[in-house]
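Asks: show me the folded form of this:
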Amino acid sequence: MAPARFKKGRVVLDTSLFVNPDVRKSFGDTPTEALESFLFLAAQVPILEFYMPPSIFEELLNFIEPEKVSGDLLVALHQKPPKKYELTCPAFLLYELIEDIRERVNKGLRVAEKAVRTATKKSEEETLQELRRKYREALREGIIDSKEDVDLILLAKELDALLVTADHGVIKWAEKLGIKWLLPGKFKDYLLSSIKKSKALKLPS
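Replies: A predicted model of the protein is given here:
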């Protein structure tokens with residue numbers, strides 16, 4: 001273990017690191033392979049601690065094959081809920097969230113109006129598919145829209161941790177709170193660099 005005086009860096013992980021096919025490819029072809037690959041590297045980085053909110057961990061369990069995952073999972077990946085009743089956030093975030101939601105509702109309304117006006121030019125199924133896609137883009141892209149998203153942001157804020165996620169909404173609000181973040185595509189390089197740093201400091205794995 002690292003000496004007691006050495007302050008470890010903290011990293012909060014989102015499921016996108018293991019689940020999203022576009023971002024997990026540097027770790028593995030499947031969520032289970034990606035998780036195993038991460039655990040192998042994480043065990044070699046005594047200068048870092050890795051965390052997941054329980055809500056995110058439960059989400060991850062829906063995508064992996066638990067029987068194939070190393071028993072070191074719970075050792076290397078700490079489950080910790082954010083201190084919801086102790087943390088405070090700047091009031092301006094509430095104003096910005098309300099303004100963002102209002103703009104999105106108006107945008108969604110315009111999308112629906114356009115779909116109605118053009119309905120006669122397309123089949124019913126084509127109209128519905130396009131409406132769903134554009135409505136989803138208008139209301140959900142770039143916003144935190146689940147308690148899991150909030151758990152990630154609050155935990156990273158509480159721990160002053162690096163947040164690893166591909167969710168643009170989470171990234172957007174993490175930046176508003178001054179939270180450090182990293183895209184999953186760069187995370188493996190980050191781990192490998194941390195392993196080298198651990199060896200340079202002569203810290204045992």
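Asks: now the helices for the chain?
Replies: Here the chain has its helices, by DSSP state H, at 16-19, 21-24, 31-42, 54-61, 73-76, 91-117, 124-140, 147-159, 168-176, 187-200.
Asks: including distance to Arg10, could those go into a markdown table?
Replies: Glycine gets a C-beta too; all of them are placed from N, C-alpha and C. Below are the helices of the chain laid out as a markdown table (distance: least, CB to CB, whole Å):
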| stretch | distance to Arg10 |
| --- | --- |
| helix 16-19 | 15 |
| helix 21-24 | 21 |
| helix 31-42 | 13 |
| helix 54-61 | 15 |
| helix 73-76 | 13 |
| helix 91-117 | 22 |
| helix 124-140 | 29 |
| helix 147-159 | 5 |
| helix 168-176 | 14 |
| helix 187-200 | 12 |
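Asks: could you dump these into TSV with mean neighbour count, mean pLDDT and distance to Glu67 added?
Replies: What follows is those, written out as TSV (neighbours: other CB atoms under 10 Å; pLDDT from 0 to 100; distance: least, CB to CB, whole Å):
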stretch	mean neighbour count	mean pLDDT	distance to Glu67
helix 16-19	22	91	16
helix 21-24	16	86	20
helix 31-42	20	92	9
helix 54-61	16	92	12
helix 73-76	14	76	12
helix 91-117	12	81	41
helix 124-140	14	75	34
helix 147-159	21	93	25
helix 168-176	17	90	30
helix 187-200	15	92	25
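Asks: give me the pLDDT for Pro81.
Replies: Pro81 carries a pLDDT score of 95 in this model.
Asks: go on, Tyr85?
Replies: 88.
Asks: state the distance from it to Leu154.
Replies: Note on Tyr85: its distance to Leu154, by CB to CB, to the nearest Å, is 11 Å.
Asks: same check, this time on Asp14
Replies: 13 Å.
Asks: before we move on, what about Glu33?
Replies: Separation of Glu33 from Leu154 (CB to CB) stands at 30 Å.
Asks: Phe38 now?
Replies: According to CB to CB, Phe38 stands 23 Å off from Leu154.
Asks: right, and Phe63 touches Ala34 too?
Replies: No: Phe63 is not in contact with Ala34 according to CB atoms under 8 Å; the separation is 9.6 Å.
Asks: and the chain, what are its domains?
Replies: 9-84+147-200, 91-140 (automatic domain parsing).
Asks: quick check: end-to-end length of the first one?
Replies: Which is domain 9-84+147-200. 16 Å (CA to CA, to the nearest Å).
Asks: any idea how far Lys8 is from Pro184?
Replies: To Pro184, Lys8 is 21 Å away according to CB to CB.
Asks: which one of the two has more residues nearby?
Replies: Pro184 (24 against 13; other CB atoms under 10 Å).
Asks: list the contacts for the more buried one?
Replies: Asp14, Ser16, Leu17, Asn20, Val23, Arg24, Val164, Thr165, Ala166 (CB atoms under 8 Å, 6 or more residues apart in numbering).
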